[in-house]
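[1] I would like to see how this sequence folds:
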Amino acid sequence: MRRGWIAVLLAPLLMAQAKPVLVPDVSQRDIEIQYSFTGANLLLFGAILYPGGRLPDDDKPTDIVVVVKGPVQSILVREKQKLGGLIWVNASRLRY
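    Here you go, the predicted model:
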């Protein structure tokens, strides 16, 4: 019985030492790249939830790292070139 009361009394102290939580989001999850693709704009936003709702006492800025991932497998991209005014053929290629 005594341990239960000790845990209840220490809970606010233990929660105060919890780390801040980053709650991120992005305006688009997937971007399809097709033949007419000219680029895309992404809006990254979110919030940092501090334990107890209080900001830290120090004035140090918080660093956030963003990682953008592409396809896992390599992709072969070919450039088409017009030959003789009527026929399109593969000109050069590049593997990403």
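
[2] do I have it right that Leu49 meets Val21?
    Yes: taking C-beta atoms under 8 Å as the definition, Leu49 is a contact partner of Val21 at 4.6 Å. Any C-beta I mention is one placed from the backbone N, CA and C, and that applies to glycine too.

[3] chain center to stretch 66-76: distance?
    Distance of stretch 66-76 from the chain centroid (C-alpha atoms, centre = their mean, to the nearest Å) equals 13 Å.

[4] what sits up against it?
    For stretch 66-76, the external contacting residues (C-beta atoms under 8 Å, 6 or more residues apart in numbering) are Leu44, Arg93, Leu94, Arg95, Tyr96.

[5] again, 6 Å this time
    Where contact means C-beta atoms under 6 Å, 6 or more residues apart in numbering, the residues beyond stretch 66-76 that reach it are Arg93, Arg95, Tyr96.

[6] how about the first one: what's its closest non-neighbour residue?
    So that's Arg93. Arg78 (4.7 Å; C-beta to C-beta, 6 or more residues apart in numbering).

[7] helix or strand right after the helix or strand encompassing that neighbour?
    Per DSSP states H and E: Arg78 is located in strand 76-83. Read in the C-terminal direction, the helix or strand following strand 76-83 is strand 87-95, with elements assigned using DSSP H and E.

[8] now that next one: how far from the chain's centre is it?
    Mean-position distance between strand 87-95 and its chain equals 33 Å (C-alpha atoms, centre = their mean).

[9] could you count how many residues lie near Tyr35?
    When neighbours are counted by other C-beta atoms under 10 Å, Tyr35 registers 5.

[10] next: Ile48.
    For Ile48, the neighbour count with other C-beta under 10 Å is 13.

[11] hang on, Ser74 in a strand?
    No: the assignment for Ser74 is coil, going by DSSP: H, G, I helix; E, B strand; the rest coil, so no strand is present there.

[12] next one: it from Pro56, what distance?
    As defined by C-beta to C-beta, to the nearest Å, Ser74 lies at a distance of 44 Å from Pro56.

[13] the strand holding Arg78 to strand 87-95, inter-axis angle?
    The directions of strand 76-83 and strand 87-95 differ by 150 degrees, with axes from the mean of the first three to the mean of the last three C-alpha atoms, to 10 degrees as the criterion.
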